[in-house]
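Trainee: fold the stuff below for me.
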Amino acid sequence: MTRLFLATIAVLSALAAANAQKPTQKKAARPKSNQVYVKIIWPAAPATGDKDRPVVESWISEQLTKRGQTKFTAATAWVPLDVKEDEPMRVWSGGLDGQARACPVSGRITKRSDSRITVHVDGWAPIPGVGATISLKDEPGSRAIASVNRVKTEDGLPYVAVLVGPPSEKAAATGDR
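Mentor: Okay, here's the model as predicted:
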């Protein structure tokens, strides 16, 4: 019985030693780029009772009110932009409440340097050059809004809100960029 006990201890010790000597897997390095999010705000009164509509955050609401915009609703939730510079991606189909309000809208990061980031969002209308460009600090928590001046409706101007968040955990876990 003692021999069986000692043999079991020897096997378990050998397994423990083998596991301790295996190289540990390196975790993927966190990406260096902060995640950038865009939200489209449309000049219309929010639909009453629509609980599925994305929220307009208080900081956006306060800035719009200061600019004289009284009617506004979120056309999109926060849409993450691709971290690769100058690759546009669709952020809004142009539809709201089942109606086409504008042409599809795309966004892209056009510049990232000197601890600043520039985001350009365009589309809106069939004429080229309609959009908004926003420049802000490239650090989590930075945020800004800009109007799309050439798309004025009877209710006012559409706006683009931009928010910088920490690097994406998904990219860190997979090592993808």
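Trainee: show me where this protein has helices.
Mentor: Taking DSSP state H as the criterion, the chain contains helices spanning 2-21, 58-66, 169-174.
Trainee: can you list contacts of the second one?
Mentor: Translated: helix 58-66. Outside helix 58-66, the residues that touch it by CB atoms under 8 Å, 6 or more residues apart in numbering are K39, I41, V56, F72, R143, I145, Y159, A161. (C-beta placed from N, C-alpha, C; glycine too.)
Trainee: now, of the residues you listed, which are buried?
Mentor: K39, I41, V56, F72, R143, I145, Y159, A161 (16 or more other CB atoms under 10 Å).
Trainee: list the beta-bridge partners for the last one.
Mentor: Beta-bridge partners recorded for A161 (DSSP bridges): K39, I145.
Trainee: could you check the pLDDT of it?
Mentor: What the model reports as pLDDT for A161 is 98.
Trainee: what's the distance between it and E87?
Mentor: According to CB to CB, to the nearest Å, A161 and E87 sit 21 Å apart.
Trainee: go on, the third one?
Mentor: Spatial separation of V56 from E87 under the definition CB to CB is 28 Å.
Trainee: which non-adjacent residue is nearest V164?
Mentor: S142 (4.3 Å; CB to CB, 6 or more residues apart in numbering).
Trainee: against I127, how distant is the one you found?
Mentor: Taking CB to CB, one finds S142 at 31 Å from I127.
Trainee: G141 too?
Mentor: Counting by CB to CB - G141 and I127 are separated by 35 Å.
Trainee: repeat that for L96.
Mentor: Distance from L96 to I127, by CB to CB: 20 Å.
Trainee: more neighbours, these two?
Mentor: L96 (19 against 9; other CB atoms under 10 Å).
Trainee: that one reaches A44, doesn't it?
Mentor: Yes - with contact defined as CB atoms under 8 Å, L96 reaches A44; the gap is 7.0 Å.
Trainee: need the residues touching each of those two.
Mentor: T73.
Trainee: so which elements touch the longest strand along the chain?
Mentor: When the chain is parsed with DSSP state E, its longest strand is strand 103-113. If you count contacts as 3 or more CB pairs under 8 Å, 6 or more residues apart in numbering; DSSP states H and E, strand 103-113 packs onto strand 35-42, strand 89-92, strand 116-124.
Trainee: in CSV: the ones you listed, plus distance to C103.
Mentor: Converted to CSV, the helices and strands packed on strand 103-113 look like this (distance: least, CB to CB, whole Å):
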stretch, distance to C103
strand 35-42, 12
strand 89-92, 10
strand 116-124, 5
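Trainee: just say which of those strands is most tucked in.
Mentor: Neighbour counts (mean count of other CB atoms under 10 Å) averaged over each of the helices and strands packed on strand 103-113 peak at strand 35-42, with a mean of 24.
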